[in-house]
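1. A predicted structure for the sequence below; I have some questions about it.
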Amino acid sequence: MRLRRLLLIAVVAFVAAVGGVFAGRALVTRLSSPPETELHAILHHKLDLDAGQRARIEVYERQFAVRRHALEAEMRADNARLARAIMAEHGYGPEVTAAVDRSHRAMGELQKETLQHIFRLRAVLNPDQARRFDAAAVEALTAPAD
């Protein structure tokens, strides 16, 4: 009877841990995307870009989309590795720790490359457009979370 109770507690704790990991990762993904989305909306709809600027920006966005998709695929693979590690260890052991660290590297790389992309786009703008873009970037990055 005692063993059955311990097993039940272990299963419930494990399911809660897995649910927490996936909920946390979903929340981080959802919260990390709005600044880029807001900046692109401002870039395309409020800065009155000329045809040359639009053409250069389109090339940069196509290039970045390829890299972003590759990093997102890497993060999905990291999620799968994390899930396997959780299933294997049933706790926060060395495999889970390594999977989390690997996931953080991919997320960090995506963040760095996103910032490089944003600065590449900014370089296409004239001084007035760049000033407005900078103000929007600061606002997007410092706005309180909903």
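-> Received, thanks.
2. can I assume residue 118 is in contact with residue 140?
-> No - contact between residue 118 and residue 140 fails when scored by C-beta atoms under 8 Å: they sit 10.3 Å apart. Placement of C-beta: from N, CA and C, glycine included.
3. any residues in contact with both of these two?
-> residue 39 (C-beta atoms under 8 Å, 6 or more residues apart in numbering).
4. For the two, indicate the residue with more neighbours.
-> Between residue 118 and residue 140, residue 118 has the larger neighbour count (other C-beta atoms under 10 Å), namely 19 against 16.
5. ok, now how distant is that one from residue 76?
-> 23 Å (C-beta to C-beta, to the nearest Å).
6. ok, now residue 113?
-> Counting by C-beta to C-beta - residue 113 and residue 76 are separated by 17 Å.
7. Show me which of these two is the more surrounded one.
-> Applying other C-beta under 10 Å to residue 113 and residue 76 shows that residue 113 carries more neighbours, namely 15 against 11.
8. Let me see the contact set for that one.
-> Here residue 113 is in contact with 64, 67, 68, 71 (criterion: C-beta under 8 Å, 6+ apart).
9. can those go into JSON lines with extra columns for neighbour count and secondary structure?
-> Putting those into JSON lines (neighbours: other C-beta atoms under 10 Å; DSSP: H, G, I helix; E, B strand; the rest coil) gives the following:
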{"residue": "64", "neighbour count": "17", "secondary structure": "helix"}
{"residue": "67", "neighbour count": "15", "secondary structure": "helix"}
{"residue": "68", "neighbour count": "16", "secondary structure": "helix"}
{"residue": "71", "neighbour count": "17", "secondary structure": "helix"}
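10. just curious, which of these is nearest to residue 86?
-> When the contacts of residue 113 are ranked by distance to residue 86 (C-beta to C-beta), residue 71 comes first, at 22.4 Å.
11. can I assume that closest one is in contact with residue 110?
-> Yes - Residue 71 is within contact range of residue 110, at 4.4 Å (criterion: C-beta under 8 Å).
12. pLDDT below threshold where in this protein?
-> 1, 5-37, 145-146 (pLDDT under 70).
13. contacts for stretch 122-140?
-> Counting by C-beta under 8 Å, 6+ apart, 34-35, 38-39, 42-43, 46-49, 53, 56-57, 60, 118, 121 sit against stretch 122-140.
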